[in-house]
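Asks: coords please:
(one chain, ligands or ions: 1)
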Amino acid sequence: MTICQTCGACCASFRVDFHPAELAGGAFPWGAGVPPAMTLPLTANMVRMAGTDGKVSRCVALIGEIGQQVACSIYDERPSPCREFDIEHEACNRARQRCGLERLPISNESQQ
Ligand code: SF4
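Replies: Down below sits the predicted model:
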């Protein structure tokens with residue numbers, strides 16, 4: 001089990017916005033594309049994963065208990081911000097701290 005499968009903090013901390021072309025039926029979907037029913041329309045060029053706005057954030061696609069065992073229910077179709085999120089970055093630790101989890105050592109900490 002990887003650290004991400006016992007964490008989930010990033011999926012419960014940040015807004016996840018992306019272009020509607022990544023939706024199922026969109027112009028450039030990953031795999032089958034992100035299910036539109038799991039998103040909120042923002043603008044003509046932006047949608048957001050439902051659950052990721054507001055002060056208490058938790059993506060609707062996240063299953064499990066944060067800090068215990070979690071999974072993305074649309075892993076193969078997850079949007080680009082999720083694919084590009086760098087666990088070797090301070091943002092990972094900010095999310096963990098926000099969720100009451102301990103910091104992880106990161107290799108590029110001196111670059112933050
Ligand atoms: S789509 Fe999956 S990886 Fe992305 S925030 Fe939601 S649960 Fe996390």
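Asks: Now do stretch 42-62: distance from first to last residue.
Replies: 21 Å (C-alpha to C-alpha, to the nearest Å).
Asks: go on, stretch 39-59?
Replies: 10 Å.
Asks: Look up the closest residue to Thr39, ignoring the ones flanking it.
Replies: Of all residues not flanking Thr39 in the chain, Val47 sits nearest, at 4.3 Å (C-beta to C-beta, 6 or more residues apart in numbering). Placement of C-beta: from N, CA and C, glycine included.
Asks: what about whichever strand or helix holds that neighbour, average pLDDT?
Replies: Taking DSSP states H and E as the definition, one finds Val47 inside strand 46-49. Regarding strand 46-49, the rounded mean pLDDT is 98.
Asks: Not counting stretch 58-70 itself, show me its contacts.
Replies: 1, 4-9, 11-12, 16, 38, 49-52, 71-74, 78, 99-101 (C-beta atoms under 8 Å, 6 or more residues apart in numbering).
Asks: Sitting in strands, which of these do you find?
Replies: Among those, the ones falling in strands (DSSP state E) are Met49, Ala71, Cys72.
Asks: Mind listing what's buried along the strand or helix carrying Cys92?
Replies: Using DSSP H and E, Cys92 sits in helix 90-98. Neighbour-count burial for helix 90-98 flags Ala91, Cys92, Asn93, Ala95, Arg96 (criterion: 16 or more other C-beta atoms under 10 Å).
Asks: Good, wrapping up.
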